[in-house]
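Asks: With the input below, show me the fold.
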Amino acid sequence: MLCFDHVSFAYPGERTILNDLSFSVSEGEQVGLIGANGAGKSTLMKAALGLLPYTGSITVDGTPVTRKTLPEVRRKLGCVLQDADNQMFMPTVLDDMVFGPMNYGLSRAAAEQRAEETLAELHMEYLRDRHNHKMSGGEKRMAAVATILAMQPKIMLMDEPSTALDPKNRRTLIRVLRQRPETKLIASHDLDLVLETCSRVLLLAGGRLAADGAAGEILRDRALLEENGLELPLCLAGVPDEI
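Replies: You can find the predicted model right below:
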């Protein structure tokens, strides 16, 4: 569903952010993308969306990511951006949630029904008519997630989806991520969330893959994590490495 083949990117005159990166994500997989600040996680997602002039090849559900194919690619990809203010641009949450589905051909009534179902799934009905500039950071984050879920993309890219969430909303997010069938690539410093939602983990360091394997193995490898600027998930802190 998502394939990176020898992908590299560097801003002019600066260090290389993505360095000959290759991996693939199969249909239905839920993959965690972890790494210290500056490892290249957000840049990787921007490249998949066609926002950066990378070298190498990226394909989304068999479609190469090029300038000409961006409308088709973005119809298949849904992305929760790191900053919800860059994602929510309509007056209300409902307006944002119906914008994408209507743009792809759904009627207003069908788009609103899908939005209502998504809000109910997230226990967020109370945000339906809330103005975006009058929400807290956590509410905006959940609204941004709802907007992407309502589009029902084949692949979801999520950049720090649990940022600013209170414990209740974080638990709701984890439940929904575990239940939804879409292929997902979840970039997060919240390693407990990654452990609870992902079966596989990609560990980025310096724009390269430092590890690619089962989430339960990588996220329990204290030496590997610490070598790459990370720590064990909080739920495993203090637990012997051999468990």
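Asks: In which helix or strand does residue 101 reside?
Replies: In this assignment (DSSP states H and E), residue 101 forms part of helix 93-103.
Asks: Kindly report the same for residue 158.
Replies: Counting by DSSP H and E, residue 158 is part of strand 155-159.
Asks: Report the angle between the helix or strand following that strand and strand 155-159.
Replies: Next helix or strand after strand 155-159 toward the C-terminus (DSSP H and E): helix 167-179. On the basis of axes from the mean of the first three to the mean of the last three CA atoms, to 10 degrees, helix 167-179 is oriented at 150 degrees to strand 155-159.
Asks: Going by neighbour count, list what's buried in helix 167-179.
Replies: For helix 167-179, a neighbour-count test (16 or more other CB atoms under 10 Å) marks 169, 170, 172, 173, 174, 176, 177 as buried. Heads up, the C-betas are built off the backbone N, CA and C, glycines and all.
Asks: Give the pairing partners of the strand holding residue 158; include direction for each.
Replies: In the sheet, strand 155-159 lines up against strand 77-80 (parallel), strand 183-187 (parallel) (DSSP bridges).
Asks: which residues does the residue most central in space within the chain contact?
Replies: Taking CA atoms, centre = their mean, the centroid of the chain lies closest to residue 158, which sits 1.1 Å from it. Residues near residue 158 by CB atoms under 8 Å, 6 or more residues apart in numbering: 79, 80, 145, 148, 184, 185, 186, 187, 188.
Asks: With residue 58 instead?
Replies: Counting by CB under 8 Å, 6+ apart, residue 58 has contacts 2, 3, 4, 5, 7, 47, 48, 64, 65.
Asks: Please list only the buried members of those.
Replies: For those, a neighbour count by 16+ other CB under 10 Å gives the buried set as 2, 3, 4, 7, 47, 48, 65.
Asks: Next, give me the two most distant ones among these.
Replies: 3 and 47 (12.2 Å; CB to CB).
Asks: circling back to that earlier point, can you name the next helix or strand after the helix holding residue 101?
Replies: Using DSSP H and E, the first helix or strand after helix 93-103 is helix 108-121.
Asks: The chain: helices as residue ranges?
Replies: Ranges of helices within the chain are 41-48, 70-76, 93-103, 108-121, 137-151, 167-179, 191-197, 215-218, 222-227, based on DSSP state H.
Asks: so which of these comes closest to residue 131?
Replies: Of the helices of the chain, the one closest to residue 131 (CB to CB) turns out to be helix 93-103, at 8.4 Å.
Asks: CA atoms of the closest one as CSV?
Replies: C-alpha atoms of helix 93-103 as CSV (Å, rounded to 0.1, in the frame of the first residue of the first chain):
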residue,chain,number,x,y,z
VAL,A,93,-15.8,21.1,12.9
LEU,A,94,-18.7,19.8,10.9
ASP,A,95,-17.8,22.0,7.9
ASP,A,96,-14.2,20.6,8.0
MET,A,97,-15.5,17.0,8.2
VAL,A,98,-17.8,17.3,5.2
PHE,A,99,-15.4,19.3,3.0
GLY,A,100,-13.3,16.3,1.9
PRO,A,101,-16.1,13.8,1.3
MET,A,102,-18.1,16.4,-0.6
ASN,A,103,-15.0,17.3,-2.7
